[in-house]
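Engineer: I would like to see how this sequence folds:
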Amino acid sequence: MSKPRARSDKKENRRGSREAVEKRRAARAFNDALTDRSGLDGRTEKRRQRLLDELRQGKRRSTGHELKPVEVLLHVQELLSLDEPLQSLKKACPPPKPAPETPQLVELVRRLHRAYEFRPETYRFVGVADEVLRTAGVLREKPKRGPHRGDKGR
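Structural biologist: I've put the predicted structure just below:
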């Protein structure tokens with residue numbers, strides 16, 4: 001029988017280390033700045049396309065399982081961070097009819113927002129209305145309109 005290997009004998013994979021990731025990011029940013037490329041790199045563009053396709057179909061491409069509501073939020077959040085226009089997202093994944101406001105939904109949105117800090121517009125893609133977001137503290141109250149600045153009470 002062979003003797004089990006000690007953990008120290010195993011080669012360390014440095015591809016995922018923080019230093020390696022930061023080096024790759026710095027190198028990409030440097031290349032982008034000096035080559036005057038506009039748009040996304042190839043991997044990011046393919047990721048953007050995959051996320052949009054999955055939103056359109058409502059299913060994960062890898063497994064064929066339906067996207068869960070939190071996965072829809074994650075997809076929309078990531079696409080917005082890649083500067084995808086809100087209109088194209090609405091076209092790919094039309095927001096469902098808003099769910100009724102209940103204390104349970106408000107508390108769940110509050111907890112989810114505390115954990116993930118999704119942009120407020122992402123919640124619309126899973127049927128969460130602005131009123132629920134205001135009650136949960138995600139959106140601020142609508143500002144009350146006072147007299148216009150130029151109006152001096154004439």
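
Engineer: and Lys59, backbone torsions?
Structural biologist: When quoted as degrees, to the nearest 10, the phi and psi of Lys59 stand at phi -140, psi 150.

Engineer: and for it, nearest residue in space, chain neighbours not counted?
Structural biologist: Using CB to CB, 6 or more residues apart in numbering and skipping the chain neighbours, the partner closest in space to Lys59 is Glu66 (5.6 Å). All C-beta atoms are positioned from the backbone trio N, CA, C, and that covers glycine.

Engineer: against Glu121, how distant is that neighbour?
Structural biologist: Distance of Glu66 to Glu121, given as CB to CB, to the nearest Å: 22 Å.

Engineer: pick out whichever of these two has more residues nearby.
Structural biologist: Under the neighbour definition other CB atoms under 10 Å, Glu66 and Glu121 were set side by side, and Glu121 has more, 17 against 11.

Engineer: skip the chain neighbours and tell me the closest residue to that one.
Structural biologist: Across the structure, with CB to CB, 6+ apart as the measure, the residue nearest Glu121 apart from its sequence neighbours is Leu86 (6.3 Å).

Engineer: okay, now the one you found: neighbour count?
Structural biologist: Considering only other CB under 10 Å, Leu86 is surrounded by 15 other residues.

Engineer: pretty sure it sits against Leu80.
Structural biologist: Yes. Shown here, Leu86 and Leu80 form a contact pair, counting by CB atoms under 8 Å, at 7.3 Å.

Engineer: which residues are in contact with each of these two?
Structural biologist: With CB atoms under 8 Å, 6 or more residues apart in numbering applied, the overlap between the contact sets of Leu86 and Leu80 consists of Glu121.

Engineer: just checking, the residue nearest to Lys59 touches Gly58?
Structural biologist: Yes. When contacts are counted by CB under 8 Å, Glu66 is listed as touching Gly58 (5.8 Å).

Engineer: which residues touch Glu121?
Structural biologist: For Glu121, the contacting residues are 76, 80, 86, taking CB under 8 Å, 6+ apart as the criterion.
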